[in-house]
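Peer 1: give me the fold of what follows.
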Amino acid sequence: MLPTSFRVSRVFATPPMPHLRTKAHLLLSSRAVRLCPLHTSIWKRWATSTTPHSTTSDPAEAEAMQCLEQGTQKLEEGDVQGAKELYKRSVEVKRNASSLFNLGVTHYHLKEFDDAIAAWKESITLQPTSADTHTNLASAYIISPISRPDLALHHLHIAASLSPEDPEIAFNLAAVLEATGQLEEALKYYKRSQENGVERAAMHVRNVGAKILGKQMKAVQDAEAQDMSKRSDS
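Peer 2: Residues are numbered from 1 along each chain as shown. Next comes the predicted model:
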């Protein structure tokens, strides 16, 4: 069974849904902030501008940045629809990875999953090394009406290779691996997540370890039963 819920405060029998990230790159920023988005338990990360105004000499780029900044303000205020319109305008004026990323976030929150996927895929073509974009795209593939765990795993593996020490990416990858029955790989990434500071991963390490042990014991029992059956037949 695939994950059915986002970030949770207790452990469920099925692994939790990977976390969504938002990141409003304002081009001049290198500072990332994490906070809770509105009306959801999904965590988000975005970068905020460290300067009040852009220094770009390109009028189109300046307008795109202004729309991006205004859209992020709307998103922080809880106006997801308003943010979406501003991000759309930013993309129309000058297509860039940051505006497409944030446009995807608004589509996601409005449950417009196909549009979110399209925006994030285009963002990746412009900025293929964004681990956050690959992570969000994976989340969209999982929660879409027609779930694609294979594509989710593909993008989470890329994200993990881009940010190998990011504990949340490791946790997300482990969750989908567990949900698809790849327990040994899931255990590896839960352990990596735990080692890098995600406390809730410890419970999943124990749970998956117990599942693996149970699977191994069942295999031994099945082999013994088969052996006994052969002996009785002879």
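Peer 1: give me the pLDDT for T14.
Peer 2: We have a pLDDT of 34 for T14.
Peer 1: now the one 3 residues further on
Peer 2: Here the pLDDT value assigned to M17 is 47.
Peer 1: one more: T55?
Peer 2: pLDDT at T55 comes out at 53.
Peer 1: what's the burial count for T125?
Peer 2: 10 (other CB atoms under 10 Å). Where you see a C-beta, it was placed from the backbone N, CA and C, and this is true even at glycine.
Peer 1: quick check on L110: phi, psi?
Peer 2: Per-residue torsions, L110: phi -90, psi 10 (degrees, to the nearest 10).
Peer 1: pretty sure it sits against V80.
Peer 2: Yes - using CB atoms under 8 Å, L110 makes contact with V80 at a distance of 6.1 Å.
Peer 1: distance of R231 from A175?
Peer 2: 43 Å (CB to CB, to the nearest Å).
Peer 1: can you get me the start-to-end distance on stretch 73-83?
Peer 2: One end of stretch 73-83 sits 8 Å from the other (CA to CA, to the nearest Å).
Peer 1: can you give me the strands for the chain?
Peer 2: In the chain, the segments counted as strands under DSSP state E are 32-35, 44-47.
Peer 1: more neighbours: L110 and V80, which one.
Peer 2: Applying other CB under 10 Å to L110 and V80 shows that V80 carries more neighbours, namely 19 against 13.
Peer 1: on the pLDDT front, check that one for me.
Peer 2: 97.
Peer 1: same question, A24
Peer 2: Looking at A24, its pLDDT reads 39.
Peer 1: equivalent analysis for the one 5 residues further on, please.
Peer 2: According to the prediction, S29 has pLDDT 22.
Peer 1: which of the strands of the chain has the lowest average pLDDT?
Peer 2: Minimum mean pLDDT among the strands of the chain: strand 32-35, a mean of 24.
Peer 1: picking up where we left off before, R231 and A175 - which one has more neighbours?
Peer 2: Neighbours around R231 and A175, counted as other CB under 10 Å, are more numerous at A175. The numbers are 27 against 8.
Peer 1: so the more buried one versus P128, what's the distance?
Peer 2: 24 Å.
Peer 1: what's the end-to-end length of stretch 163-171?
Peer 2: 12 Å.
Peer 1: low-confidence regions, the protein specifically.
Peer 2: Applying pLDDT under 70 to the chain picks out residues 1-56, 234.
Peer 1: what about the helices in it?
Peer 2: Taking DSSP state H as the criterion, the chain contains helices spanning 59-77, 80-93, 97-109, 113-126, 131-143, 149-162, 167-179, 183-195, 201-233.
Peer 1: so how far is the first one from its chain's centroid?
Peer 2: Between the mean C-alpha point of helix 59-77 and the mean C-alpha point of its chain there is a distance of 24 Å (CA atoms, centre = their mean, to the nearest Å).
Peer 1: next, the buried residues of that helix.
Peer 2: Buried residues in helix 59-77, counted by 16 or more other CB atoms under 10 Å: 62-72, 74-75.
Peer 1: what's the angle between it and helix 80-93?
Peer 2: Helix 59-77 and helix 80-93 meet at an angle of 170 degrees, taking axes from the mean of the first three to the mean of the last three CA atoms, to 10 degrees as the criterion.
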